[in-house]
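Trainee: The amino acid sequence is not available; the structure is as follows:
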């Protein structure tokens, strides 16, 4: 049985998109991964696209979306929030996890990649726990 995961951040342009990508890359057929933003920016950050392209994942196939757009896939097994504070609304899920991951939007490339790699490590740990 596939686990349904939802990754939520504010803009759905960096952290939640990379989390969804890693879950798809590393989880394969064991998970269904979704992402959304509490206040979606409407676009994916070019730095996120470049950072994931280095690892062989094409983020240009994703788009920035709202929680309303992913509600149809609920209930989720796990909703993972990525440091969106009070702005994360409730979604039907069996489990909630908060990863307080800094928003890398304004970071230089080197620090952005550190956040990307930190997210990858968190995804590996999460998938191993399923």
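Mentor: Yep, that arrived. A quick note: this is a predicted structure, and the numbers were derived from the prediction, not measured.
Trainee: Any stretches of the protein with poor pLDDT?
Mentor: In the predicted model of the chain, residues 84-89 satisfy pLDDT under 70.
Trainee: what about the residue positioned nearest the centre of it, helix or strand, and which?
Mentor: The residue lying closest to the centre of the chain (C-alpha atoms, centre = their mean) is residue 16, at 2.2 Å. Assigned by DSSP states H and E, residue 16 belongs to helix 15-27.
Trainee: what residues does that helix touch?
Mentor: 3, 5, 7-9, 31, 33-37, 44, 48, 51-52, 55-57, 59, 62, 64, 80, 82-83, 101, 103-104, 115-116, 119-120, 122-124, 126-127 (C-beta atoms under 8 Å, 6 or more residues apart in numbering). C-betas here are computed from N, CA, C, even on glycine.
Trainee: Does anything pack onto the longest helix anywhere in the chain? Which helices or strands?
Mentor: In the chain, assigned by DSSP state H, the helix with the most residues is helix 109-129. Applying 3 or more C-beta pairs under 8 Å, 6 or more residues apart in numbering; DSSP states H and E, one finds that helix 109-129 makes contact with helix 15-27, helix 46-53.
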